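Enquirer: Sequence and predicted model, in that order:
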Amino acid sequence: AQKVTQAQTEISVVEKEDVTLDCVYETRDTTYYLFWYKQPPSGELVFLIRRNSFDEQNEISGRYSWNFQKSTSSFNFTITASQVVDSAVYFCALSEAHNNAGNMLTFGGGTRLMVKP
Amino acid sequence: SQTIHQWPATLVQPVGSPLSLECTVEGTSNPNLYWYRQAAGRGLQLLFYSVGIGQISSEVPQNLSASRPQDRQFILSSKKLLLSDSGFYLCAWVRWTGNTEAFFGQGTRLTVV
């Protein structure tokens, strides 16, 4: 069964600090996809990144970067020089390619990030 | 293009009243559809999924039910709402095209009073 753990339920930082959100996953599938979503107060999920299990390259997009390590089953997300607009709940999710539920996404519990000015 | 519509956006219902939330998708056929719920301050919990018309699988026992009357329509219902049904409900469509892609509705914030 697939499982995602986000151990940090809430993080508070001061603007311009760097912050890393942890994500650890469990799966028996050899092909799977990992996602990060941002959920602002309005509630909708904003897609940030998708990574497949065969691509361990780290990715950088502006102030965002992701570190995927299969050896530790982790897919951590770092925000550099955080801004107040980064305040939101962030979800990590996993989708197995060979799942009877049609590639459903399993979400972690989410991390609430508060960036103070 | 592929889109997913979910309504209503907000809903306040008394305890014991019925519920019907609707989700429709455009730009695809035979989608895999999902209903998630987010209780206040909690994560996203999968409630139901459907891989085809009339096919519903439930992930957790609850006061809710789901139906898939048409290929691109997924409905979440309850005959009698409980206070514990309050939360944020998200409809999702997931497809595999060499990569897994997921699309989410705007969500429905349900308050049972």
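Expert: Nice, thanks for sending it over.
Enquirer: Count the residues that sit near residue A:22.
Expert: Residue A:22 has 17 neighbours, counted by other Cβ atoms under 10 Å in any protein chain shown. (Glycine included, C-beta is placed from N, CA and C.)
Enquirer: again, but for the one 10 residues further on
Expert: Applying other Cβ under 10 Å, we find 21 residues neighbouring residue A:32.
Enquirer: Do I have it right that it meets residue A:97?
Expert: Yes: with contact defined as Cβ atoms under 8 Å, residue A:32 counts as touching residue A:97 (6.1 Å).
Enquirer: ok, residue A:35 to chain B distance?
Expert: With the distance defined as Cβ to the nearest Cβ, to the nearest Å, residue A:35 ends up 7 Å from chain B.
Enquirer: Within the sheet, what are the partner strands of the helix-or-strand element of chain A with minimal mean pLDDT, with directions?
Expert: With mean pLDDT, DSSP states H and E as the measure, the helix or strand of chain A carrying the lowest mean pLDDT is strand A:59-61 (a mean of 90). Sheet neighbours of strand A:59-61, with direction, are listed as strand A:64-69 (antiparallel) (DSSP bridges).
Enquirer: residues in contact with the partner strand?
Expert: Residues lying outside strand A:64-69 but in contact with it, judged by Cβ atoms under 8 Å, 6 or more residues apart in numbering or on different chains, are A:34, A:36, A:48-49, A:51, A:55-60, A:74-80.
Enquirer: Out of those residues, which sit inside strands?
Expert: A:34, A:36, A:48-49, A:51, A:59-60, A:74-79 (DSSP state E).
Enquirer: now these: which count as buried?
Expert: Among these, those scoring as buried are A:34, A:36, A:48-49, A:51, A:74-79 (criterion: 16 or more other Cβ atoms under 10 Å in any protein chain shown).
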